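Enquirer: What shape does this take:
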Amino acid sequence: MQEILRLQNIQNKELQAAVLLALHCAPILWGLKAANSVTVTKEEKEAVCGLLRETEISHCFFPLREQWGILYLYRPKELEGYIYRPDIRAFLREQGYVEEEMEDMLYRLSWRIRLYGMGKAAFPHEIGVFLEYPLEDVKGFMVHQGAEAACSGYWKVYAPAPEKAERFLAYDKAKELLLKEVLNGKNIEEMLI
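Expert: Here you go, the predicted structure:
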């Protein structure tokens, strides 16, 4: 409870950005995941990207509205290992991602999110594979339009498996530990794995 009260009173922009990262992106920061995303204002985006400047984590900003959008963080090598799996590539091709280079696929994703933000297209739920969600759950979400999930955590699970619950617990633990470290004065760069 004390930590929540402390969070409400943070005035330092850099600390705010570190807390935002700890709460929403701990799995990528601790090397548990290839990518994460967080919805931010343009001001928050600048602060977060400043914290990650000297790290191996890359980012893209997908604008949604005038002042805010989705900040997509990823570890290029790990993400490539995931999206170039034959099953993931086949799925992405079905979704119109004919490009071979990851940066070009991310550009297409950015364009689709931009169209959604302008009200000209549905949200591109294939973003789930770019977030390293299990393919069967991304497909399940798309088929069921977000309803009828077996359970929900960091994503909606349509094909339950014990390892998914274990991943959720590992992500929760990373978030809890990273948040404590940030509130105790450590900087993000020191905590990266």
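
Enquirer: Check which residues of stretch 159-172 are buried.
Expert: K164, R167, F168, Y171 (16 or more other Cβ atoms under 10 Å). C-beta coordinates here come from the backbone N, C-alpha and C atoms, glycine included.

Enquirer: tell me which element the spatially most central residue of the chain is part of?
Expert: Centroid-nearest residue in the chain: N36, 1.8 Å away (criterion: Cα atoms, centre = their mean). Using DSSP states H and E, N36 falls within strand 35-41.

Enquirer: between the top helix by length along the chain and strand 35-41, what angle do the directions make?
Expert: Looking across the chain with DSSP state H, the single longest helix is helix 162-183. Compare the direction of helix 162-183 with that of strand 35-41 by axes from the mean of the first three to the mean of the last three Cα atoms, to 10 degrees and you get 50 degrees.

Enquirer: List the buried residues in the helix or strand just after helix 162-183.
Expert: Remark: after helix 162-183, the chain's next helix or strand is helix 188-191, criterion DSSP H and E. Buried residues in helix 188-191, counted by 16+ other Cβ under 10 Å: I188, M191.

Enquirer: for stretch 77-90, same thing?
Expert: Result for stretch 77-90 [16+ other Cβ under 10 Å]: buried residues E78, L79, Y82, I83, I88.

Enquirer: so what's the second one closest to, chain neighbours aside?
Expert: This points to L79. A34 (4.3 Å; Cβ to Cβ, 6 or more residues apart in numbering).

Enquirer: Same check on E136?
Expert: Closest to E136 by Cβ to Cβ, 6+ apart is A159, at 4.1 Å.

Enquirer: does the one you found sit in a helix, a strand or a coil?
Expert: coil (DSSP: H, G, I helix; E, B strand; the rest coil).

Enquirer: And the pLDDT for it?
Expert: We have a pLDDT of 92 for A159.

Enquirer: residues contacting it?
Expert: A159 is in contact with P134, E136, D137, G140, A150, counting by Cβ atoms under 8 Å, 6 or more residues apart in numbering.

Enquirer: about what we covered before: tell me the one among the buried residues of stretch 159-172 nearest to L178.
Expert: Y171 (10.5 Å; Cβ to Cβ).

Enquirer: List the contacts of the closest one.
Expert: A26, P27, L32, K33, G153, Y154.

Enquirer: TSV for the residues you listed, including neighbour count and secondary structure?
Expert: Rendered in TSV, the data for these read as follows (neighbours: other Cβ atoms under 10 Å; DSSP: H, G, I helix; E, B strand; the rest coil):
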residue	neighbour count	secondary structure
A26	24	helix
P27	23	helix
L32	16	coil
K33	25	coil
G153	14	coil
Y154	16	coil
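
Enquirer: Pipe those residues into a markdown table and attach distance to R114 and pLDDT per row.
Expert: Listed next are the contacts of Y171 as a markdown table, based on distance: Cβ to Cβ, whole Å; pLDDT from 0 to 100:
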| residue | distance to R114 | pLDDT |
| --- | --- | --- |
| A26 | 27 | 95 |
| P27 | 26 | 96 |
| L32 | 29 | 95 |
| K33 | 25 | 95 |
| G153 | 28 | 92 |
| Y154 | 25 | 95 |
